[in-house]
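In: no sequence on this one, just coordinates:
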Ligand code: FPP
């Protein structure tokens with residue numbers, strides 16, 4: 001039976017969820033943050049799951065209206081500030097992937113602080129993809145290793161990426177069927193699950209069902225049965 005050791009989620013649908021309820025998009029993001037907490041806690045209690053990587057802010061999200069970007073930045077900071085205790089309580093190590101240099105000094109400081117304070121935790125690794133784009137990640141990785149004298153190998157490039165672990169299962173909520181520049185290298189053999197559920201309505205029950213379906217899939221990694 002497969003184990004979903006590394007699960008990654010494209011959390012889509014906050015805005016539509018809010019609009020359907022006659023609320024502001026910001027409220028969709030706020031409920032979305034609550035779901036992040038619930039799903040992370042659930043994963044931290046499942047011994048098979050080692051890493052949970054969540055697409056929280058993409059390199060393309062800067063194109064949104066300024067007020068929405070500002071709101072998302074504030075929400076992220078608030079989430080991380082309030083989450084530290086919870087991470088420690090559940091032995092969760094927090095890490096950020098993506099180019100966080102684009103964020104305000106104060107948000108960068110918060111991110112670094114939570115990373116440092118949870119560095120000793122050896123339970124679940126929760127990675128938030130922040131100002132993350134897979135193409136940008138690959139370019140930054142190539143630039144890190146381009147001055148080596150020998151040919152670049154797969155292992156060298158992999159090791160230079162922000163996220164060094166292959167992903168087993170990628171889930172996208174919100175009805176679209178695409179990867180949107182998320183973990184393109186790490187998803188080489190990932191199983192992809194798409195659900196119409198909007199992120200604020202996503203539940204641990206639905207995640208449990210997806211994981212159950214995943215465990216039954218025959219994964220061949222290009223080989224034969
Ligand atoms: C997509 O909804 C969601 C995002 C912009 C990224 C995910 C953000 C959150 C879950 C909230 C904050 C997260 C943390 C970790 C504090 P959308 O606005 O694209 O929805 P739409 O497609 O319905 O417009």
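Out: Yes, it's here. Worth saying up front: this structure is predicted, and the values here are computed from it rather than measured.

In: near the ligand, which residues of this protein?
Out: Within the chain, the positions near the ligand by CB under 6 Å from any ligand atom are 11-16, 29, 32-33, 36, 56, 61, 75-76, 79, 128, 174, 199. To be clear about C-beta, it is placed using only N, CA and C from the backbone, and glycine gets the same treatment.

In: drop anything exposed from these.
Out: Neighbour counting by 16 or more other CB atoms under 10 Å classes 11-16, 29, 32-33, 36, 56, 61, 75-76, 79, 128, 174, 199 among those as buried.

In: mind listing the helices for this structure?
Out: According to DSSP state H, the chain carries its helices in the segments 14-20, 25-44, 66-89, 105-118, 134-145, 154-160, 204-216.

In: pull out the buried residues from the third one.
Out: In other words, helix 66-89. 71, 72, 73, 75, 76, 77, 79, 80, 83, 87.

In: in the protein, what residue comes closest to the ligand?
Out: residue 15 (2.6 Å; CB to the nearest ligand atom).

In: mind listing what that residue touches?
Out: Going by CB atoms under 8 Å, 6 or more residues apart in numbering, residue 15 touches 25, 28, 29.

In: now do the contacts for the nearest residue to the last one once chain neighbours are set aside.
Out: If I follow you right, that is residue 29. Among residues not flanking residue 29 along the chain, residue 14 sits closest, at 4.9 Å (CB to CB, 6 or more residues apart in numbering). Contacts for residue 14 (CB under 8 Å, 6+ apart) come out as 25, 28, 29, 31, 32, 198, 199, 200.

In: now stretch 150-157, how far from the chain's geometric center?
Out: Mean-position distance between stretch 150-157 and its chain equals 25 Å (CA atoms, centre = their mean, to the nearest Å).

In: ok, now stretch 218-225?
Out: 26 Å.

In: that one - what's its average pLDDT?
Out: Stretch 218-225 shows an average pLDDT of 72 in the prediction.

In: same question for stretch 84-96.
Out: 97.

In: which residue is nearest the centroid of the chain?
Out: residue 54 (1.6 Å; CA atoms, centre = their mean).

In: bridge partners for that residue, pull those for me.
Out: residue 9, residue 128 (DSSP bridges).

In: which one in this protein is furthest away from the centre?
Out: residue 149 (33.6 Å).

In: tell me who's in contact with that residue.
Out: By CB under 8 Å, 6+ apart, residue 149 has no neighbours at all.

In: surely residue 83 meets residue 113?
Out: No - Residue 83 is beyond contact range of residue 113, at 11.5 Å (criterion: CB atoms under 8 Å).

In: give me the pLDDT for residue 9.
Out: 98.

In: so what's it up against?
Out: Residues counted as contacts of residue 9 (CB under 8 Å, 6+ apart) are 39, 52, 53, 54, 55, 170, 171, 172, 173.

In: same thing with residue 204?
Out: 38, 39, 42.

In: let's see it at 10 Å
Out: Contact analysis of residue 204 by CB atoms under 10 Å, 6 or more residues apart in numbering lists 35, 38, 39, 41, 42, 43, 45, 46.

In: and what of residue 154?
Out: Residue 154 neighbours (CB under 10 Å, 6+ apart): residue 185.

In: please report the distance of it from residue 53.
Out: 20 Å (CB to CB, to the nearest Å).

In: what's the average pLDDT for stretch 46-61?
Out: Mean predicted lDDT for stretch 46-61 stands at 97.
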